[in-house]
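What follows is a protein structure lacking sequence information:
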């Protein structure tokens, strides 16, 4: 019955509209069924009575073309407004300027939890300008190594490359992949029992810690031996502990390399000793290094400047230290902001070097392969070039714990999120980004479409920006969003169009 009456009412209004060149009749979202005076109001989608004086033609609607708005649903849309305060932005942020991450304010909760209005629109993502990333200044570096790459891990971009896809022998920088798999598949207190296979048949000149068959060392101590001393039998023992055999572990290494996006890498051992089937590229190695230095355990172990390795069958307790010279503050090659690094050398590989440095909120990874004693100078040239475009806040430059980074949008599948410069994300709040207001639910998802807070309805574009001072169409109904974003009710718009208690434009209304 209700459906039949609704169809008849709509037909009557359509007939009235046909007599005039009006673009639209009554435009409305779904209605709340509660009135502030206890009176019943219309169900969603039903016709609003036209207040048209006798003898007057039907008025034109707002000078807008119809849109494909959300479809109304019963009893879910705007009700009658009371004195509910408008949504207020809890902070204003820019994606275009670096921010001191020690002073990033946290967005505050605006009030009630999220409720979705009619026809939630798809998460199309914010149509905002991407952050202006630091651009290196000056000429690109000239490196002497056969291959090299400078990778901005923070912003996923390559700043410099030379023969970055040439397959070369990696030597001991292979051990970064070994470290990743060990950390992912063991606990620090597990005991590694070293086999004869692990501790023998190493090529002449291979670095070791003199471990022998039957030695038992914890995974944690072994990791220090792997990354600081770069001991090759330690790499073998860890590989057997994790993969069952060196060959089995090599399969794990190759699978992990593929998962990280490596396309020109093949490993046959966990230590990087010479083998014609053991190779990688600077580009692939940068991807591996990014994953390695995203792990706090690897960063901590690899940057330790001195460690006491326990006594074993053939040696008493000994102190070990990393081979990467840029880690030592008293060394002329020290590089400020270094996170970690790994050296490598064999007769076939030459000098190889991986270095991870972070400054001003930007993490750079430099990889050098097939160098002949120039690995440190080549690395410094690349890093200096990469950091030449970053800026520091003069007010925090003297603070060694202060860094500058950027607020930024992050796409998570079909969902958009906003990340502050300090790494936290907006959630359950309204914030202003580059001059426009955006709303986020409790899980940090940017909201679009009709949203209700308290007694008020707001509309957020597919870009996520709050609509203000404009008409919006919902199905066959029109609404006006005011200067504060709230849907206007019981008011004249431009002294020409009247919106009723439910916010819908009423055709034919006169003052």
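That came in fine, so what should we check first? Bear in mind that the values here come from a model prediction, so they are computed numbers and not experimental data.

confidence score at the nearest residue to residue 247 once chain neighbours are set aside?
Closest residue to residue 247 apart from its sequence neighbours, by Cβ to Cβ, 6 or more residues apart in numbering: residue 268 at 8.0 Å. For glycine as for every other residue, the C-beta is placed from the backbone atoms N, C-alpha and C. Each residue has a pLDDT score; the one for residue 268 is 98.

May I have the beta-bridge partners of the closest residue to residue 191 other than its chain neighbours?
Leaving aside its sequence neighbours, residue 191 sits nearest to residue 216 (Cβ to Cβ, 6+ apart; 5.2 Å). For residue 216, the beta-bridge partners under DSSP bridges are residue 193.

Please shift the residue numbers so they start at 2 in all later answers.
Right, with 2 as the first residue, what we last looked at is residue 217.

number of nearby residues for residue 217?
Residue 217: 13 surrounding residues under other Cβ atoms under 10 Å.

My understanding was that it contacts residue 223; is that so?
No - applying Cβ atoms under 8 Å as the test, residue 217 and residue 223 come out as separate, 10.1 Å apart.

pretty sure residue 147 contacts residue 372?
Yes - here residue 147 reaches residue 372: they are 7.3 Å apart, a contact under Cβ under 8 Å.

and the residue positioned nearest the centre of the chain, what are its bridge partners?
Closest to where the C-alpha atoms of the chain average out (Cα atoms, centre = their mean) is residue 411, at 4.4 Å. Note on residue 411: beta-bridge partners by DSSP bridges are residue 418.

Would you mind measuring from it to residue 362?
Distance of residue 411 to residue 362, given as Cβ to Cβ, to the nearest Å: 15 Å.

list the contacts for residue 487?
Counting by Cβ atoms under 8 Å, 6 or more residues apart in numbering, residue 487 makes contact with 82, 87-88, 457-459.

Residue 199: how many residues sit nearby?
27.

quick check, it in a helix?
Yes - using DSSP: H, G, I helix; E, B strand; the rest coil, the assignment for residue 199 is a helix.

My read is that it contacts residue 232, right?
No - checked against Cβ under 8 Å, the pair residue 199 and residue 232 is beyond contact range at 10.7 Å.

what sits in contact with each of the two?
Listed as contacting both residue 199 and residue 232 by Cβ under 8 Å, 6+ apart are residue 212.

Any regions of the stretch 52-201 of the chain where pLDDT drops low?
Within the stretch 52-201 of the chain, the stretches with pLDDT under 70 are 52-86, 98-134.

What ranges does it have for its strands?
Per DSSP state E, counting those that start in this stretch, the stretch 52-201 of the chain carries strands over the ranges 93-94, 100-101, 116-117, 148-153, 158-163, 192-194.

can those strands go into JSON lines with extra columns for mean neighbour count and distance to residue 251?
Output for the strands of the stretch 52-201 of the chain, formatted as JSON lines (neighbours: other Cβ atoms under 10 Å; distance: least, Cβ to Cβ, whole Å):
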{"stretch": "strand 93-94", "mean neighbour count": "17", "distance to residue 251": "47"}
{"stretch": "strand 100-101", "mean neighbour count": "19", "distance to residue 251": "44"}
{"stretch": "strand 116-117", "mean neighbour count": "14", "distance to residue 251": "51"}
{"stretch": "strand 148-153", "mean neighbour count": "26", "distance to residue 251": "23"}
{"stretch": "strand 158-163", "mean neighbour count": "18", "distance to residue 251": "27"}
{"stretch": "strand 192-194", "mean neighbour count": "16", "distance to residue 251": "18"}
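
Same list as before, those that is, but in a markdown table and with distance to residue 210 included.
Output for those, formatted as a markdown table (distance: least, Cβ to Cβ, whole Å):
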| stretch | distance to residue 210 |
| --- | --- |
| strand 93-94 | 51 |
| strand 100-101 | 44 |
| strand 116-117 | 61 |
| strand 148-153 | 30 |
| strand 158-163 | 35 |
| strand 192-194 | 12 |
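
Which of the ones you listed sits closest to residue 451?
Minimum separation from residue 451 across these (Cβ to Cβ) falls at strand 116-117, 7.2 Å.

so residue 235 makes contact with residue 223?
Yes - between residue 235 and residue 223 a contact is recorded at 5.3 Å, counting by Cβ under 8 Å.

Which residue ranges of the stretch 152-301 of the chain form helices?
Under the criterion DSSP state H, counting those that start in this stretch, the stretch 152-301 of the chain contains helices at 176-186, 197-200, 220-225, 233-244, 247-260, 283-293, 297-303.

Which one of those helices lies nearest to residue 498?
Closest approach to residue 498 among the helices of the stretch 152-301 of the chain (Cβ to Cβ): helix 283-293, 56.3 Å.

In terms of secondary structure, what does the closest one contact?
strand 148-153, strand 158-163, helix 176-186, strand 351-360, strand 363-372 (3 or more Cβ pairs under 8 Å, 6 or more residues apart in numbering; DSSP states H and E).

same thing but 7 Å
Contact here means 3 or more Cβ pairs under 7 Å, 6 or more residues apart in numbering; DSSP states H and E; on that basis helix 283-293 packs against strand 148-153, helix 176-186, strand 351-360, strand 363-372.
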